[in-house]
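Peer 1: Sequence first, then the predicted structure:
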Amino acid sequence: MKYLIGALAIIGLGVVGAILYSYSGIYDVAATQPHTRVGAWFLDNTMHHSVRARADDIEVPEDLQQRVTRGAEHFRETCVPCHGAPGTHGEAGGDMRPEPPPLRAAAEEWEPNEVFWIVKHGIKMTAMPSFAALHSDDEIWDIVAFVEQLPDMSPERYAQLTGSGTPDVRHSVFGREDPEQVKSDPEVTLPNTEKPAEKDQSGRQ
């Protein structure tokens, strides 16, 4: 009996401590600061197990391979701005916490039924919204089909499927670019950011 009382006392102290920590304002919620390692692990672990528990009963359509072309346009419109794509990066995702991962990695990590659940329902306390109000289940499966092809998709193939033109892929990393490599490439012309010299009253520099 005394062990039970001791265990309950420890749990109670933990709950009180968590509440006091919440009210203290010590934790920095700024998006400019990354999560702590413990916080990142806890959130990521909780999210993974939550998604898998809820996606377990979802049946994957047998015609998933035939949906890739239909999913290309939906992917370009709904996913690329944050997650990027082969040959391009997500303009909106860099300052988010957690930062939206490249979906090539997501396709390798998640099963198709789990990707479907994430796209349909979104993830709380992240920038991942629910697309259930904007897309039917059939359209979401089209997106899933496209995402599943990303690990082996080249930038040229992506441009062909989405009709987005041929991207400059010399220094593209899926979801990001290396600015130092771009600067050192003699074929890349960067804009001149230096201020022009001021002219004197005679008009000479």
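Peer 2: That came through fine.
Peer 1: Just the C-alpha atoms of the longest helix along the chain, please, in CSV.
Peer 2: The residue-count maximum for a helix in the chain (DSSP state H) belongs to helix 2-24. The C-alpha coordinates for helix 2-24 follow below in CSV (Å, rounded to 0.1, in the frame of the first residue of the first chain):
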residue,chain,number,x,y,z
LYS,A,2,2.8,2.4,0.9
TYR,A,3,4.4,1.8,-2.6
LEU,A,4,1.1,2.8,-4.2
ILE,A,5,0.9,5.9,-2.2
GLY,A,6,4.5,6.8,-3.0
ALA,A,7,3.8,6.3,-6.7
LEU,A,8,0.7,8.4,-6.6
ALA,A,9,2.7,11.1,-4.8
ILE,A,10,5.4,11.1,-7.4
ILE,A,11,2.8,11.4,-10.2
GLY,A,12,1.1,14.2,-8.4
LEU,A,13,4.3,16.1,-8.0
GLY,A,14,5.1,15.6,-11.6
VAL,A,15,1.7,17.0,-12.6
VAL,A,16,2.0,20.0,-10.3
GLY,A,17,5.5,20.6,-11.6
ALA,A,18,4.3,20.6,-15.2
ILE,A,19,1.6,23.0,-14.4
LEU,A,20,4.0,25.4,-12.6
TYR,A,21,6.4,25.2,-15.6
SER,A,22,3.6,26.1,-18.0
TYR,A,23,2.7,29.1,-16.0
SER,A,24,6.3,30.2,-15.4
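Peer 1: all strands for this protein, in order.
Peer 2: 172-173, 176-177 (DSSP state E).
Peer 1: can you tell me which of those strands the model trusts least?
Peer 2: Lowest mean pLDDT within the strands of the chain: strand 172-173, at a mean of 35.
Peer 1: quick one: Arg52 and Val115 touch, right?
Peer 2: No: using CB atoms under 8 Å, Arg52 is not in contact with Val115; the gap is 11.6 Å. Quick note: C-beta positions are derived from backbone N, CA and C, even for glycine.
Peer 1: Which one of the two is surrounded by more residues?
Peer 2: Val115 (24 against 14; other CB atoms under 10 Å).
Peer 1: Leaving out chain neighbours, which residue sits closest to the more buried one?
Peer 2: The shortest distance from Val115 to any non-neighbouring residue, by CB to CB, 6 or more residues apart in numbering, is to Val144 (4.8 Å).
Peer 1: Neighbours of that neighbour, how many?
Peer 2: Quick note: Val144 (other CB under 10 Å) scores 28 neighbours.
Peer 1: Same question for Glu139.
Peer 2: 18.
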